[in-house]
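Student: Structure here, sequence nowhere to be found:
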């Protein structure tokens, strides 16, 4: 084996090794990104499912007549807000009596 052949062989093997390392690194990165995308999609799907479940739960509560609390509906202003807190439950508020308060 001549020295020239050994040099070219070593150089060629280094180039091939470098290309192989780059290919492996690229494959790792692609796999990592696939995992990240899959996690994002799963989180998105889970959030969508939770929203649907909450929506169904709210609908069922409304049908059963239970209110969730929170702000009273409508533009009745601060008087109704005070009444709401005094009563403790939205269903007990008489909005027709607000003009008398």
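Tutor: Looks like it came in fine. It should be emphasised that the depicted structure is a prediction, and the values quoted were computed from it without experimental measurement. Residues are numbered from 1 along each chain as shown.
Student: ok, residue 57 to residue 63 distance?
Tutor: Noted for residue 57: a distance of 11 Å to residue 63, by C-beta to C-beta, to the nearest Å. Where you see a C-beta, it was placed from the backbone N, CA and C, and this is true even at glycine.
Student: Settle it for me: which of these two has more neighbours?
Tutor: The neighbour comparison of residue 57 against residue 63 (other C-beta atoms under 10 Å) goes to residue 57, with 11 against 8.
Student: distance of residue 24 from residue 36?
Tutor: According to C-beta to C-beta, residue 24 and residue 36 sit 19 Å apart.
Student: typo on my end, residue 58
Tutor: Taking C-beta to C-beta, one finds residue 58 at 33 Å from residue 36.
Student: same check, this time on residue 23
Tutor: 20 Å.
Student: average pLDDT for the helix or strand residue 6 falls within?
Tutor: Secondary structure assigned from DSSP states H and E places residue 6 in helix 3-64. The pLDDT scores in helix 3-64 average 92.
Student: Show me this structure divided up by domain.
Tutor: Per the record, the chain has its domains at 1-66, 71-101, by automatic domain parsing.
Student: need the contact list for residue 4.
Tutor: For residue 4, no residue meets the contact criterion (C-beta atoms under 8 Å, 6 or more residues apart in numbering).
Student: Repeat that for the one 4 residues further on.
Tutor: Residues in contact with residue 8 (C-beta under 8 Å, 6+ apart): none are found.
Student: That one and residue 48: what is the separation?
Tutor: Counting by C-beta to C-beta - residue 8 and residue 48 are separated by 59 Å.
Student: now swap in residue 58 and tell me
Tutor: Going from residue 58 to residue 48 by C-beta to C-beta gives 16 Å.
Student: swap in residue 27?
Tutor: Distance, residue 27 to residue 48, using C-beta to C-beta: 32 Å.
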